[in-house]
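Engineer: sequence first, predicted coordinates after that:
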Amino acid sequence: MKKILAILALAVSSSAFAVDYVSVDVDNVLGRNGGKDSTEQYVRAGKEIGGIQYGLQSRNAKNKDGSGTFSSVE
């Protein structure tokens, strides 16, 4: 949760990284047996500079069975 807030703060308030878009998405991920195995939260921000698209993504996933929480920043 702290990563999501940090990315949103950077994307919204920073004049050095004035974003073209910010999106927040929550997905229920289905496993091989068809059940909802995990819930994932995505926060994405992007900017086009000189014809090249730059982006930042934070992903947090929490398994439904309580076996773990996974996070990544890309």
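Structural biologist: Yep, it's here.

Engineer: isn't residue 47 up against residue 19?
Structural biologist: Yes: Residue 47 is in contact with residue 19 according to C-beta atoms under 8 Å; the separation is 5.3 Å. In this view, the C-beta of every residue, glycine as well, is placed from N, C-alpha and C.

Engineer: which residues of the protein fall in strands?
Structural biologist: 21-30, 36-49, 52-63, 69-73 (DSSP state E).

Engineer: now render these as JSON lines, adding mean pLDDT and mean neighbour count.
Structural biologist: Below are these laid out as JSON lines (pLDDT from 0 to 100; neighbours: other C-beta atoms under 10 Å):
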{"stretch": "strand 21-30", "mean pLDDT": "84", "mean neighbour count": "12"}
{"stretch": "strand 36-49", "mean pLDDT": "84", "mean neighbour count": "16"}
{"stretch": "strand 52-63", "mean pLDDT": "85", "mean neighbour count": "15"}
{"stretch": "strand 69-73", "mean pLDDT": "81", "mean neighbour count": "11"}
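
Engineer: distance of the residue of the chain positioned farthest from its centre relative to residue 64?
Structural biologist: No residue in the chain sits farther from the centre than residue 33, which is 25.5 Å out by C-alpha atoms, centre = their mean. According to C-beta to C-beta, to the nearest Å, residue 33 and residue 64 sit 12 Å apart.

Engineer: ok, now residue 50?
Structural biologist: Counting by C-beta to C-beta - residue 50 and residue 64 are separated by 43 Å.

Engineer: good, we can wrap up now.
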